[in-house]
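Visitor: Quick one: sequence and predicted model below, then my questions.
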Amino acid sequence: MGARGIHIASERGQAAVEFALIAPVLIILVLGVIQIGIAFNHYLTITDAARAGARTAIVARFTGINSGDVQTAVQNAASSLDQSQLKVTADDPTDPTWTKAGTDIVVTVTYPYSINLLGLVVASGNLTSTMTEPLE
């Protein structure tokens, strides 16, 4: 019997087999994109929170705001994140009392991230955003 003697009776189910081979890779790819999107959303949230904290801090000379008030403003702006993991620092390296106009107040917000696919951690670390504003 030659090559012409073998007949495939049906190709039914071929698409299902191909899909079964490709589906795990496709699912992992989609889950990775979702995890990266979540991490990027968290980064945008802490950037906005750092900006809100810096805006609160720049009027400290007139309103008596301190670093605790700045931390509260950051936490309010990042209310969708886990507050216990949100780290906030607000300081003025040249004027720790926040009384000299024109000096820069630096607000830094840090939040951990972890990208895991099916229980395997692919990447992890800290997202950090820093805003610097001059004291009014």
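Guide: That came through, no problem.

Visitor: Past the worst-scoring helix or strand of the chain on mean pLDDT, which element shows up next along the chain?
Guide: Of all helical and strand segments in the chain, the minimum by mean pLDDT, DSSP states H and E falls on helix 60-63, at a mean of 85. Secondary structure here is assigned by DSSP states H and E; on that basis, the next helix or strand after helix 60-63 toward the C-terminus is helix 67-77.

Visitor: Look up the closest residue to Q85, ignoring the ones flanking it.
Guide: What sits nearest to Q85 in space, not counting adjacent residues and going by C-beta to C-beta, 6 or more residues apart in numbering, is P112, at 5.6 Å. (C-beta placed from N, C-alpha, C; glycine too.)

Visitor: how about the one you found, what does it touch?
Guide: P112 makes contact with 85, 124-127 under the criterion C-beta atoms under 8 Å, 6 or more residues apart in numbering.

Visitor: ok, 10 Å please
Guide: Going by C-beta atoms under 10 Å, 6 or more residues apart in numbering, P112 touches 42, 82, 85-87, 124-127.

Visitor: about what we covered before: what's the least confident helix or strand of the chain in contact with?
Guide: If you take C-beta under 10 Å, 6+ apart as the criterion, helix 60-63 is touched by 56, 66-67, 69-70, 90, 92, 95, 97-101, 103, 105, 135-136.

Visitor: Filter the contacts of P112 down to the buried ones.
Guide: 42, 86, 127 (16 or more other C-beta atoms under 10 Å).

Visitor: Okay, now the unreliable bits of the protein?
Guide: Judged against pLDDT under 70, the low-scoring parts of the chain cover residues 1-9.
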